[in-house]
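Undergrad: Provided below for reference: sequence and predicted model.
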Amino acid sequence: QVQLVESGGGLVQAGGSLRLSCTASGRSFSGYAMAWFRQAPGKEREFVASINWSSGNTRYPDSVKGRFTISRDNAKNVVYLQMNSLKPDDTGVYYCGAGIVGLAYNYWGQGTQVTVSS
């Protein structure tokens, strides 16, 4: 059974940094994409970053490009999201997702809260 467990959220001032972790278990993730999404109150879940588990290729939306970095540690089965130059608009619950490359993300963690104060 696939499990994704996020950690590392918290309260930070604008301009600060946080690193989120997603520990994945339950299967081999070769051929999978891992991603981070976020959801602010009253808003839809928003794509933040993704990484191909096998190739390491990454994608970001313009809203976080240059500030956020996604990476993975294959040996530990952990995906990281390094977030720098945080803004109040980055506030939300951050979710880790996993899915076969090219298909929808069908595994999700429970989420971790990130709050950026101005």
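TA: Yes, it's here. Owing to the predicted nature of the structure, the values given are computational and were not obtained by experimental measurement. Numbers count the residues shown, from 1 in each chain.
Undergrad: Kindly provide the whole-number mean pLDDT of stretch 75-91.
TA: Mean pLDDT, stretch 75-91: 97.
Undergrad: ditto for stretch 54-67
TA: For stretch 54-67, the per-residue pLDDT averages 97.
Undergrad: need the contact list for residue 6.
TA: Neighbouring residues of residue 6 by C-beta atoms under 8 Å, 6 or more residues apart in numbering: 20, 21, 22, 94, 95, 96, 109, 110, 111, 112. Glycine gets a C-beta too; all of them are placed from N, C-alpha and C.
Undergrad: out of those, which are buried?
TA: 20, 21, 22, 94, 95, 96, 109, 111, 112 (16 or more other C-beta atoms under 10 Å).
Undergrad: what's next to the host helix or strand of the fifth one, contact-wise?
TA: Read that as residue 95. In this structure, residue 95 sits in strand 92-100 according to DSSP states H and E. For strand 92-100, contacts defined as C-beta under 8 Å, 6+ apart pick out 2, 4-6, 9, 20, 22, 24, 29, 31-41, 43, 45-46, 48, 79, 81, 105-109, 111-114.
Undergrad: mind listing the strands in the protein by residue range?
TA: 3-7, 10-13, 18-25, 32-39, 46-52, 58-59, 68-73, 78-83, 92-100, 107-108, 112-117 (DSSP state E).
Undergrad: Output the second one as PDB - backbone C-alpha positions only.
TA: Meaning strand 10-13. Extracted in PDB, the C-alpha atoms of strand 10-13 (Å, rounded to 0.1, in the frame of the first residue of the first chain):
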ATOM      1  CA  GLY A  10       5.300  25.700   9.800                       C
ATOM      2  CA  LEU A  11       5.100  29.500  10.200                       C
ATOM      3  CA  VAL A  12       7.700  31.700   8.600                       C
ATOM      4  CA  GLN A  13       8.000  35.400   7.800                       C
END
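Undergrad: Right, I'll leave it there.
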